[in-house]
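**Q** Structure for this input, please:
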Amino acid sequence: MSKKEERAAKREAQRLENEQRAAEAKTPQGRYKIARGCLMAIAAFTLINVLIILFEFEFGFYFSAFIPEIAVFITEGSGLALVLSFVVIGLLALCWYLSKKKYTWLTIGMALYLLDTLVLLGVTALVFAEGDIEFYFIAEIVVHVVALYFLARGVAAARKLKNEPEEPAEHIDISQDTDQASYL
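**A** Below is the predicted model:
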């Protein structure tokens, strides 16, 4: 087989794999898997952002929870703020981990992130009331809404999966979460 044929075969295999992933993402199992990946990414990026704030770097990631970041930023890394931050991050990570076995944990994780979004909206309203319009807050809100969309789709998929008697939760393969971010 020539190199040109090898490259063509490789491109065709990649195309077929992409089609398979796209088809999987449309199934309830696929939507649930994407939502779990979203929850894991939120916990991971929040941890990274808290560390970035603590070490006073000048950048950060949008795809994260707001409460831990603002607590550490406002208090300049006080002990109580760090405890609060790591509790929130731990709860999000725990919801991700436990959602592998029980669908209810994804709902709890989404509720936590919804609470975080409401705090973000409140702080944004206060900032805008003072006349400050910062792109950061608008971008954070957009990212929170997108993340909530994927989480809500996952929760809806979980409800559907719960109601399917022929495929109980313990038999559904949602354990292959090695590449969740590629679905987002």
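
**Q** Where does D132 sit: helix, strand or coil?
**A** Classification of D132 by DSSP: H, G, I helix; E, B strand; the rest coil places it in coil.

**Q** Would you mind measuring from it to L91?
**A** D132 sits 30 Å away from L91, going by CB to CB, to the nearest Å. (Each C-beta comes from the backbone N, C-alpha and C, glycine too.)

**Q** cool, and R36?
**A** Taking CB to CB as the measure, R36 falls 15 Å from L91.

**Q** Same check on E12?
**A** 44 Å.

**Q** out of these two, which sits in the busier spot?
**A** Neighbour count, other CB atoms under 10 Å: between E12 and L91, L91 has more, with 15 against 10.

**Q** which other residues reach the one helix or strand the more buried one maps to?
**A** Element membership for L91 (DSSP states H and E) is helix 79-98. Outside helix 79-98, the residues within contact range by CB atoms under 8 Å, 6 or more residues apart in numbering are 36, 39-40, 42-43, 46-47, 50, 65, 67-69, 71-72, 74-75, 105-106, 108-109, 112-113, 116.

**Q** What mean pLDDT does that helix get?
**A** Averaging pLDDT along helix 79-98 gives 92.

**Q** buried set for it?
**A** Of all the residues in helix 79-98, those buried under the rule 16 or more other CB atoms under 10 Å are A81, L82, L84, S85, F86, V88, I89, L92, A93, C95, W96.

**Q** Could you give the number of residues near the residue lying closest to the fourth one once chain neighbours are set aside?
**A** In other words, S85. Spatial nearest neighbour of S85, chain neighbours left out: P68 (3.5 Å); criterion: CB to CB, 6 or more residues apart in numbering. P68 has 25 neighbours, counted by other CB under 10 Å.

**Q** returning to that earlier point: which member of the buried residues of helix 79-98 is positioned nearest A158?
**A** The shortest approach to A158 among these belongs to C95, at 12.5 Å (CB to CB).

**Q** And the helices in the chain, which stretches?
**A** 3-25, 28-54, 66-75, 79-98, 104-129, 135-162 (DSSP state H).

**Q** Can you give the distance of stretch 144-151 from its chain's centre?
**A** Stretch 144-151 sits 8 Å away from the centroid of its parent chain (CA atoms, centre = their mean, to the nearest Å).
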